[in-house]
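In: build me a model from this:
(2 chains)
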Amino acid sequence: MIEVEGLTKRYRDHVAVEGLSFKVNKGEIVGFLGPNGAGKSTTMRILTGSMPATAGRALIGGIDVFEDPLAVKRRVGYLPEIPPVYLDMSVTGYLAFVARLKGVKGGSVKAEVERVATLAGVDHILPRLIRNISKGYRQRVGIAQALINDPEVLILDEPTVGLDPIQIEQVRKLITDLGQSGRHTIILSTHILGEVRATCERIVMIARGHIVADAKLKELETTHGTPLEQIFTKLAVA
Amino acid sequence: MRNVITIARKELSIYFTTVIGYACFGSFAFIMGLLFVTTVNKYQQYTQYYLSQSQPQLLEQLNFNEGIISPMLSTGLWMFLFYVPFLTMRLFAEEKSSRTFELLLSAPITSFEMVLGKFFGVGFVVLVLSLIPLAFPLILHLYGTTSGGGSPVEWLPVVSGTLTMLAVGLCFSSFGLFISSLTESQIVAALLTFAVLLLAFLLPLIAGRVEGDWQQVVEYLTPMSHITRGLQGRVFLSDLVYFFSTTLTALFFTLRVVESHRWR
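Out: Next up is the predicted model:
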């Protein structure tokens, strides 16, 4: 479903990611791991077409992100690192705006807004201004926004940041439920290792812009003979 | 086109869930109203003066269009100089600073639709601002009298004056939109827009100091030389072309800047 080949992003004198290659099959949930500044967000931005790559290619559902960005964007739901919400809009207004932006037809906008709001657990705060809701709720509105139009691919950049333990549990359940339906392919980035264990089957770990591990979680722990925490520290520093 | 409307609606909804829209319309109407009262007073004084001098030929030259409406509209135009930067500053700068720009960039819409949608959003506010001064000719029409009977207001010059205001407002907005796309800071966007618009208004001063053909070039470039005729009710194709082409140019540059985010 997602194919990345030799993806490189260079700024003037700084390399964010270099020569990344990995594949994600349909229906998989992949944890994108790495220390802060490793290039996780950069890779996700490139995959969603909101940032161009310096070299390499990225395919989503067989379509090249750089050749037909609009077709790719229609199939992808994206939650950036900072939830892209307009503080001066109400939750309904915002979700309806995103729904229209993603091509939901006029008549079904309301139903779609209600559907994603219920999934993300923000259905009881729909009329409130986003300015007046807490950080955790803003994050959940961001998740709701990514779910609009039931995209085949979900790219979630640190989806549980700012949530309380109960909300974290709910979001993790939401992600695993989506994954189990088999229709969604999910990449989620995080540096909370417990989260990876709770939600992901496979991990791709990057450090300083390079892939340092790409395997099923269980295999990784068996080959290294240590728990994920120690593998992470070892690979991130190495 | 659907996406253009979606973006325009979002911009409008933000203008009106915040106080920006109301503050803008309210203060604009208040200042224009104040101006109207003073202009009408001055007009009355002239009438009385001419009457006391018993100079009927001067009295005949006085009319509402030239004495009240067109001076008011021209002051309204100056007010755009202050209002437009505040309206346009947030259009792109706010998206960038609050990271919502990423939503637009990752949404299935083109840069063209994004720019046009934002332009239409602010354009609607400018349209309403240009319509506000229509209240005053209406008042004159209802309560004013002429010696010969009939309407004391000639409506065609009022229409062309309103259209001139709209054209100027849209032209200014396109420059504001362009400058907003260049920065993340709303204050910088407002300041630079104001500076650029003020400079455009001050070009006639420069025109006096340059020589030869350049003088004509500078005179052509300033909006001032394309406003006067429209306010007097004389519609010139060259003026329309001026506003149309400057607006399109600014929108084109905005589009280039927005697109550059997709390949930088």
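
In: against chain A, how distant is the residue sitting furthest away from the middle of chain B?
Out: Of all residues in chain B, B:Ser54 has its C-alpha farthest from the mean position, at 40.5 Å, by CA atoms, centre = their mean. As judged by CB to the nearest CB, to the nearest Å, B:Ser54 and chain A stand 61 Å apart. Bear in mind the C-beta positions are built from the backbone N, C-alpha and C, glycine included.

In: how near is that residue to A:Val171?
Out: 87 Å (CB to CB, to the nearest Å).

In: circling back to that earlier point, using the three-state scheme, assign the residue farthest from the centre of chain B.
Out: Three-state call for B:Ser54 (DSSP: H, G, I helix; E, B strand; the rest coil): coil.

In: wait, what's in contact with whatever residue of the stretch 151-264 of chain B ends up closest to chain A?
Out: Taking CB to the nearest CB, chain A has its nearest neighbour within the stretch 151-264 of chain B at B:Trp263, 4.9 Å off. Contact analysis of B:Trp263 by CB atoms under 8 Å, 6 or more residues apart in numbering or on different chains lists A:Pro52.

In: cool, and A:Met1?
Out: Residues near A:Met1 by CB under 8 Å, 6+ apart: A:Val24, A:Asn25, A:Lys26, A:Gly27, A:Glu28, A:Ile60, A:Gly61, A:Glu152, A:Val153, A:Thr185.

In: tell me the confidence at it?
Out: On the pLDDT scale, A:Met1 is placed at 86.

In: what's the spacing between A:Gly27 and A:Thr199?
Out: From A:Gly27 across to A:Thr199, the span is 14 Å (CB to CB).

In: these two: which is more packed in?
Out: A:Thr199 (23 against 16; other CB atoms under 10 Å in any protein chain shown).

In: may I have the phi/psi pair for A:Val15?
Out: A:Val15 adopts backbone torsions of phi -100, psi 120, taken as degrees, to the nearest 10.

In: tell me the confidence at residue 84?
Out: No chain specified, so I'll use chain A. The per-residue pLDDT reported for A:Pro84 equals 94.

In: chain B is the one I meant
Out: 95.

In: residues touching it, list them.
Out: Listed by CB under 8 Å, 6+ apart, the contact partners of B:Val84 are B:Val126, B:Gly169, B:Phe172, B:Ser173, B:Gly176, B:Thr193, B:Leu197.

In: can you lay out the contacts of A:Met1 as CSV showing secondary structure?
Out: What follows is the contacts of A:Met1, written out as CSV (three-state DSSP):
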residue, secondary structure
A:Val24, strand
A:Asn25, coil
A:Lys26, coil
A:Gly27, coil
A:Glu28, coil
A:Ile60, strand
A:Gly61, coil
A:Glu152, coil
A:Val153, strand
A:Thr185, strand
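
In: what about chain B: which of these touch it?
Out: Among the contacts of A:Met1, no residue sits close to chain B (CB under 8 Å from any CB of the partner chain).

In: show me which of those are buried.
Out: Buried subset of these (neighbour count, 16 or more other CB atoms under 10 Å in any protein chain shown): A:Val24, A:Gly27, A:Glu28, A:Ile60, A:Gly61, A:Glu152, A:Val153, A:Thr185.

In: ok, now how distant is the last one from A:Glu3?
Out: Meaning A:Thr185. 11 Å.

In: common neighbours of these two, please.
Out: A:Val24.

In: which bits of chain A sit near chain B?
Out: Within chain A, the positions adjacent to chain B are A:45, A:48-52, A:69-71, A:73-74, A:76, A:78, A:80, A:82, A:84-90, A:93, A:97-98, A:100-103, A:129, A:145 by CB under 8 Å from any CB.

In: tell me where chain B has helices.
Out: Assigned by DSSP state H, chain B shows helices spanning B:2-17, B:20-52, B:56-61, B:64, B:70-88, B:90-97, B:101-106, B:111-131, B:135-143, B:155-182, B:186-207, B:213-221, B:224-231, B:237-263.

In: and chain A, by the same measure?
Out: Going by DSSP H, chain A shows helices at A:40-47, A:69-75, A:91-101, A:109-120, A:135-147, A:165-180, A:193-199, A:217-224, A:228-237.

In: quick check: buried residues in stretch A:143-160?
Out: By neighbour count on 16+ other CB under 10 Å, the buried set for stretch A:143-160 is A:143-149, A:151-160.

In: err, stretch A:218-232, not the other one
Out: Buried-residue list, stretch A:218-232, by 16+ other CB under 10 Å: A:Leu220, A:Glu221, A:Leu228, A:Ile231, A:Phe232.

In: residue nearest the middle of the chain, spatially speaking?
Out: Because you didn't say which chain, this covers chain A. Nearest residue to the geometric centre of chain A (CA atoms, centre = their mean): A:Leu156, 1.5 Å.

In: to clarify, I was referring to chain B.
Out: The residue lying closest to the centre of chain B (CA atoms, centre = their mean) is B:Gly169, at 2.3 Å.

In: if we ignore the residues flanking it in sequence, what's nearest it?
Out: Leaving aside its chain neighbours, B:Gly169 sits nearest to B:Val126 (3.7 Å; criterion: CB to CB, 6 or more residues apart in numbering or on different chains).

In: these two touch, right, the one you found and B:Ser173?
Out: Yes: B:Val126 is within contact range of B:Ser173, at 5.6 Å (criterion: CB atoms under 8 Å).

In: which residues are common contacts for the two?
Out: Counting by CB under 8 Å, 6+ apart, the residues touching both B:Val126 and B:Ser173 are B:Val84, B:Leu87.
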